[in-house]
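A.B. asks: what would the 3D arrangement of this be:
(one chain, ligands or ions: 1)
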Amino acid sequence: MNVKLERLSERIWVFPYEEKRDRPNLSYIKGDNWSLAVDAGHSVDHVKDFYKALKEEDLPLPKLTVLTHWHWDHTFGMHAVNGLTLANAKTNSYLADFKKRLDEEGPKFFLAMDPSIGYEYEDGKPVIVRTADTTFTGEVMLDAGNCPVRVFQAEAPHTDDSTLVYVPEDKVLILGDCTGGTFPDWKFDKELGNKLADTIKDIGPEICLPGHWNALSTDIIIKDLVEGEG
Ligand SMILES: [Zn+2]
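C.D. replies: Below is the predicted model of the structure:
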């Protein structure tokens, strides 16, 4: 299956999510000087498919990959990305913990965690976990060349290590899974939902991109958060 990139805005393209292997959207932000990706994908194959789609559009490979949170489907392709990786310090400590467990126990428990993981790794390729090259706490501003990118932590219902990425020129906010409930029981903390809704309102994006769904208007995202549906 040849999945194509979709253009979301002037500076942003998305390699779209897939349900079967629980692959999230991988975003690509192109500045005048360099490009970055948001999220590293489920495995080496996810990264390869993403980069193939970039090459088809004559887009240069990202020099940096920013992680939205530690979950495997967003991070276990990290060992295969071009350039450097950036995560908040909490995400990196969760990745280090998970890597330690895999080293100690082997990949069996991970492969059994969800059917989608079994599908992603059904060819028997190794599960490789890396921590990010660079970490931040709070917020960091990047400039890819006439293209400022705000990378910041926010309290959110999905995990307690959420990083959001905002491209102000395009008014696009990349959310990862942060608006959803927790894995695997999908419990949704209303207070955290409201906090995140306030954070998003303050930013005022026009387009919000969830991890495993199409881009949505800010109004719909806020409504779902306030109503506690994630
Ligand atoms: Zn997640």
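
A.B. asks: so who does D170 touch?
C.D. replies: L8, S9, E10, R11, I12, I207 (C-beta atoms under 8 Å, 6 or more residues apart in numbering). From N, CA and C alone the C-beta is placed, and that goes for glycine too.

A.B. asks: how about T68?
C.D. replies: 38-39, 74, 162-165, 174-178, 211.

A.B. asks: look up phi and psi at D161.
C.D. replies: Dihedral pair for D161: phi -130, psi 40, per degrees, to the nearest 10.

A.B. asks: list the contacts of the lengthiest helix in the chain.
C.D. replies: When the chain is parsed with DSSP state H, its longest helix is helix 89-105. If you take C-beta under 8 Å, 6+ apart as the criterion, helix 89-105 is touched by 67, 69-70, 72, 75, 87, 109-110, 127, 129-132, 135-137, 153, 160-161, 163.

A.B. asks: turn the contacts of T68 into JSON lines, columns for neighbour count and secondary structure.
C.D. replies: Shown next, in JSON lines, are the contacts of T68 (neighbours: other C-beta atoms under 10 Å; DSSP: H, G, I helix; E, B strand; the rest coil):
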{"residue": "V38", "neighbour count": "31", "secondary structure": "strand"}
{"residue": "D39", "neighbour count": "31", "secondary structure": "coil"}
{"residue": "H74", "neighbour count": "26", "secondary structure": "helix"}
{"residue": "S162", "neighbour count": "26", "secondary structure": "coil"}
{"residue": "T163", "neighbour count": "28", "secondary structure": "strand"}
{"residue": "L164", "neighbour count": "26", "secondary structure": "strand"}
{"residue": "V165", "neighbour count": "24", "secondary structure": "strand"}
{"residue": "I174", "neighbour count": "29", "secondary structure": "strand"}
{"residue": "L175", "neighbour count": "29", "secondary structure": "strand"}
{"residue": "G176", "neighbour count": "29", "secondary structure": "strand"}
{"residue": "D177", "neighbour count": "25", "secondary structure": "coil"}
{"residue": "C178", "neighbour count": "26", "secondary structure": "coil"}
{"residue": "G211", "neighbour count": "26", "secondary structure": "coil"}
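
A.B. asks: pick the one among those closest to the ion.
C.D. replies: D177 (3.6 Å; C-beta to the ion).

A.B. asks: out of the contacts of helix 89-105, which are buried?
C.D. replies: Burial by neighbour count, 16 or more other C-beta atoms under 10 Å: within the contacts of helix 89-105 this picks out 67, 69-70, 72, 75, 87, 110, 127, 129-132, 135-136, 153, 161, 163.
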